[in-house]
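*Asks:* Model the following, please.
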Amino acid sequence: MENKMRSGAQGNSGVVLGALLILAGLFYLVFNLGPVDVGQNEWPLFVIVPGLALIIVSLTGRVFAPFAIIGSLVLVTGLILAVQNAFGVWAAWSYAWALVFPGAVGLGIAIIGAQRRDRERVERGLWMVATGVTLATIFGLFFEGMLHVSGVTLAPALGVVMPVFLVAFGFALLAASILSRRDHRAE
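*Replies:* Sure, this is the predicted structure:
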């Protein structure tokens, strides 16, 4: 059993090394043949591409599956940096963190689940992604809509929509808590 796992890992290491060499060669060609100026705007690619590479590596075998989580963390962080760099909204980290954790971690878990055909793991990962996106949206509405941390002006209607959303969300949370207590008492 151990020999079989070891030989499988060694066989996959060639695939991983080959994929990384292909990526490195493509980067080398792009930067040497084309008029690519990796300056002020393109530097997030140095974070995004390794994230993609790690996700690709994770798909090469069961042994490398945990790289999906690391790759997702790196990829999502790079994408956030690219958006922040493009629009100059560096204060967005005050709410974008939720896209990294739990969002990116959930993405990695879902990738592992899909690779292993584990429906429960995929669902758990997607719930984490949904939680991350929801948290980032709620905190983004608060930090940008009320505190204007990035200087981005949202629609004036947000002055009405935000408090109504908070009240509705509060009622929903209160109702869910009360119903949950009733269900536990009934059991």
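*Asks:* where does this structure dip in pLDDT?
*Replies:* 1-23, 26-39, 153-166, 168-170, 172-173, 175-176, 179-187 (pLDDT under 70).
*Asks:* let's see 90
*Replies:* 1-43, 45, 60-62, 83, 86-89, 130, 133-134, 136-138, 140-187 (pLDDT under 90).
*Asks:* And the helices in it, which stretches?
*Replies:* Taking DSSP state H as the criterion, the chain carries its helices at 2-33, 45-58, 67-87, 93-98, 105-115, 119-140, 158-186.
*Asks:* Report all helices and strands that the shortest one contacts.
*Replies:* When contacts are defined as 3 or more CB pairs under 8 Å, 6 or more residues apart in numbering; DSSP states H and E, helix 93-98 packs onto helix 67-87, helix 119-140. C-betas here are computed from N, CA, C, even on glycine.
*Asks:* Identify each buried residue in the longest one, please.
*Replies:* So that's helix 119-140. For helix 119-140, a neighbour-count test (16 or more other CB atoms under 10 Å) marks 121-122, 125, 128-129, 132, 135-136, 138-140 as buried.
*Asks:* again with the first one
*Replies:* For helix 67-87, a neighbour-count test (16+ other CB under 10 Å) marks 67-82, 84 as buried.
*Asks:* That one vs helix 45-58, what angle?
*Replies:* Computed with axes from the mean of the first three to the mean of the last three CA atoms, to 10 degrees, the direction of helix 67-87 lies at 160 degrees from that of helix 45-58.
*Asks:* Now tell me what touches helix 67-87 from outside.
*Replies:* Helix 67-87 is touched from outside by 40-41, 43-59, 89-90, 92-93, 96, 99-101, 103-105, 107-109, 111-112, 115, with contacts defined as CB atoms under 8 Å, 6 or more residues apart in numbering.
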